[in-house]
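[1] sequence isn't available, so here's the structure alone:
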Ligand SMILES: [Zn+2]
């Protein structure tokens, strides 16, 4: 009998210890609102090119609006002016890019109490955590340069702070991870000039979407650390060149850069890309046969049935955090962050359906034992450090040229 009390006490303590380990959503929510949350890639303007969307109210569709951003504690979204590769040979790619930038800038004019455009880490730190969402401009696809290196400075002057050099097709700057074969065997001579110009100005170089060859060329040429604004780990998705190999992640870290993990199933689930490509082919055939559009309810129903047929797995929140943790295991906690690719992906796991989901990621990180300091680094600290370093490299280059 005398052993019963200590045994009971032991199990009670064990249970309470286990209970303490599980973090409540309220705790995670509190942390999410006490730290700065930066998301390095949101694809909104492309969705708005035909129809202006009211972002000041909660929307029933899509991933981003002011209300959900504040619920999730999002402070700094990088919103991408995206240029489709179909503009590559067009003479109005530059004009189109500017019109996408105008659209993002208009958020601040339309809803000045909700959005503001910011251009430096100092400005972000000065403003701090408030209910104003601080948008940073970025460009996705160097097609918008129309082959002119001086356009990099024009975009920088407008407030563009990073450029994703390439998208889904090879362009004038270099080869894409999506297109078969090679046009430049990596970065083109023009692409090299662009990287040097971005270094000179202090504009961050984004390696997401680049082919492996282009990636290695960028790493050789860039004087400043580089960023992958929405690329996950190829370790979990073998053969998917859009994601980064362990060796690439290590190279980015050695150069002082950061890998920003996207949330879309497309990036985090094995073979999702192959299956979704097959579904896309069948969807196009269905649309042609039935003369219906992509957003037609018949098309949507057809796609849903294919997703069930192919058992398309959207993945889980835990999968997203596995990618974050894989980078940490490889190179430490100083080189990883969040780059959702919201509004640019069609399927996302439960828990990160939209910009209200960051607290769920924070909760999962807390449950895995990460400290508040680690979480702060992942949520914004690492990216802001890299951005400051890119600016410092540009500044020291300017000083040297005056000597
Ligand atoms: Zn992208």
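    Alright, I've got the coordinates. Remember, it's a predicted structure, so these values are computed and weren't measured experimentally.

[2] and residue 363, what element?
    helix 358-367 (DSSP states H and E).

[3] scratch that, residue 284 is what I was asking about
    If you go by DSSP H and E, residue 284 is part of helix 272-290.

[4] which other residues reach the biggest helix by length in the chain?
    If you go by DSSP state H, the chain has its longest helix at helix 382-402. Identification of contacts with helix 382-402 by CB atoms under 8 Å, 6 or more residues apart in numbering yields 36, 38, 40, 120-121, 124-125, 161, 199-204, 223-225, 227, 256-258, 260, 333-337. Backbone N, C-alpha and C define where each C-beta goes, glycine included.

[5] in PyMOL, how would I select just the buried ones from these?
    A single PyMOL command is used to select the members of the contacts of helix 382-402 judged buried by 16 or more other CB atoms under 10 Å:
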select buried, resi 36+38+40+120+121+124+161+199+200+201+202+203+204+223+224+225+227+256+257+258+260+333+334+335+336+337
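
[6] pull out the buried positions in the helix holding residue 363.
    For helix 358-367, the neighbour count (16+ other CB under 10 Å) marks 358, 359, 360, 361, 362, 363, 364, 365, 366 as buried.

[7] list the contacts of residue 132.
    By CB under 8 Å, 6+ apart, residue 132 lies in contact with 113, 114, 115, 116.

[8] again, 7 Å this time
    114, 115, 116 (CB atoms under 7 Å, 6 or more residues apart in numbering).

[9] residue 318 now?
    Counting by CB under 7 Å, 6+ apart, residue 318 makes contact with residue 364.

[10] let's see 10 Å
    Shown in contact with residue 318 (CB atoms under 10 Å, 6 or more residues apart in numbering): 268, 325, 349, 351, 364, 367, 368.

[11] so for the particular helix or strand that has it in it, mean pLDDT?
    Using DSSP H and E, the element containing residue 318 is helix 317-331. Across helix 317-331, pLDDT averages out at 98.

[12] quick check, distance from the next helix or strand after that helix to the centre of its chain.
    Next in sequence after helix 317-331, counting helices and strands by DSSP H and E, comes strand 336-338. Remark: strand 336-338 is offset 8 Å from the chain centroid, using CA atoms, centre = their mean, to the nearest Å.

[13] show me what strand 336-338 is packed up against.
    Judged by 3 or more CB pairs under 10 Å, 6 or more residues apart in numbering; DSSP states H and E, strand 336-338 is in contact with strand 37-42, strand 227-228, helix 246-254, strand 258-261, helix 317-331, helix 358-367, helix 382-402.

[14] go again using 7 Å as the cut-off
    Here strand 336-338 touches strand 37-42, strand 258-261, helix 317-331, helix 382-402, going by 3 or more CB pairs under 7 Å, 6 or more residues apart in numbering; DSSP states H and E.

[15] quick check: mean pLDDT of the last one?
    The predicted model assigns helix 382-402 a mean pLDDT of 92.

[16] buried sites along that helix?
    382, 383, 384, 385, 386, 387, 389, 390, 391, 393, 394, 397.

[17] and the furthest pair within these?
    Comparing all pairs in the buried residues of helix 382-402 by CB to CB, the longest separation belongs to 382 and 397, at 23.0 Å.

[18] after the helix holding residue 284 comes which helix or strand?
    helix 297-309.

[19] which residue packs closest to residue 234, ignoring adjacent ones?
    Residue nearest to residue 234 in three dimensions, not counting chain neighbours: residue 243, with 4.1 Å by CB to CB, 6 or more residues apart in numbering.

[20] and for residue 34?
    Residue 34 sits nearest to residue 129 (CB to CB, 6+ apart), 7.3 Å away.

[21] what's the burial count for the one you found?
    By the criterion of other CB atoms under 10 Å, residue 129 has 13 neighbours.

[22] do the same with residue 52
    With other CB under 10 Å as criterion, residue 52 counts 10.

[23] next, the buried residues of stretch 139-148.
    139, 140, 141, 142, 143, 144, 145, 146, 147.

[24] could I get the helices and strands packed on strand 336-338 in TSV, plus columns for distance to residue 92?
    Listed next are the helices and strands packed on strand 336-338 as TSV, based on distance: least, CB to CB, whole Å:
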stretch	distance to residue 92
strand 37-42	25
strand 258-261	30
helix 317-331	37
helix 382-402	30
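
[25] low pLDDT regions in the protein?
    The chain contains residues with pLDDT under 70 at 1-21, 403.

[26] separation between the residue nearest the centre of it and residue 349?
    Geometric centre of the chain, nearest residue: residue 339, 2.4 Å, by CA atoms, centre = their mean. Between residue 339 and residue 349 the computed distance is 15 Å (CB to CB, to the nearest Å).

[27] for the closest residue to residue 100 other than its chain neighbours, helix, strand, or coil?
    Leaving aside its chain neighbours, residue 100 sits nearest to residue 81 (3.5 Å; criterion: CB to CB, 6+ apart). Following DSSP: H, G, I helix; E, B strand; the rest coil, we place residue 81 in the strand state.
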